[in-house]
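Asker: got a sequence here, can you model it:
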Amino acid sequence: MAKVSEVVTPGNYLELSLRKHEEILDYIFTSCDVKRTDKEMPFYFWMIDEREAIISIQTYSDKVSEYGFRTRDLSFINALLDIRKKVREDNPPNPG
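Answerer: Now for the predicted structure:
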């Protein structure tokens with residue numbers, strides 16, 4: 001957890017965020033069987049007027065290739081918009 005004297009900057013935000021995530025896993029979910037993976041967990045989404053989203057989650061099953069659902073939950077949609085923004089910032093279009 002960030003200490004009161006610890007200043008959050010863009011440079012250390014990720015480190016502090018990951019540390020907080022670890023604390024949540026260690027303390028809040030102590031009784032849970034938490035599984036971690038380094039494997040990509042791809043999902044796709046389509047936005048409709050930033051008020052509705054369709055989400056597709058790829059599976060690694062032989063029986064079903066993906067699951068999908070639709071949502072109008074604005075908190076979830078805002079999280080998806082944040083993901084889209086970050087991906088676009090990290091992967092600018094090729095000007096070629």
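Asker: mind listing what's buried in the longest helix along the chain?
Answerer: As assigned by DSSP state H, the longest helix anywhere in the chain is helix 74-90. Neighbour-count burial for helix 74-90 flags I77, L80 (criterion: 16 or more other Cβ atoms under 10 Å). Heads up, the C-betas are built off the backbone N, CA and C, glycines and all.
Asker: ok, stretch 12-27 next?
Answerer: Within stretch 12-27, the residues that count as buried by 16+ other Cβ under 10 Å are L16.
Asker: tell me the mean pLDDT for that stretch?
Answerer: Across stretch 12-27, pLDDT averages out at 84.
Asker: with just CA atoms, put that stretch into PDB.
Answerer: The C-alpha coordinates for stretch 12-27 follow below in PDB (Å, rounded to 0.1, in the frame of the first residue of the first chain):
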ATOM      1  CA  ASN A  12       5.700   4.900 -10.100                       C
ATOM      2  CA  TYR A  13       1.900   4.400 -10.500                       C
ATOM      3  CA  LEU A  14       2.200   0.900 -12.100                       C
ATOM      4  CA  GLU A  15       4.500  -0.300  -9.300                       C
ATOM      5  CA  LEU A  16       2.200   1.000  -6.600                       C
ATOM      6  CA  SER A  17      -0.800  -0.400  -8.400                       C
ATOM      7  CA  LEU A  18       0.800  -3.800  -8.700                       C
ATOM      8  CA  ARG A  19       1.800  -3.800  -5.100                       C
ATOM      9  CA  LYS A  20      -1.800  -2.900  -4.100                       C
ATOM     10  CA  HIS A  21      -3.100  -5.800  -6.300                       C
ATOM     11  CA  GLU A  22      -0.700  -8.200  -4.500                       C
ATOM     12  CA  GLU A  23      -2.000  -7.000  -1.100                       C
ATOM     13  CA  ILE A  24      -5.600  -7.600  -2.200                       C
ATOM     14  CA  LEU A  25      -4.700 -11.100  -3.300                       C
ATOM     15  CA  ASP A  26      -2.700 -11.800  -0.100                       C
ATOM     16  CA  TYR A  27      -5.100 -10.400   2.500                       C
END
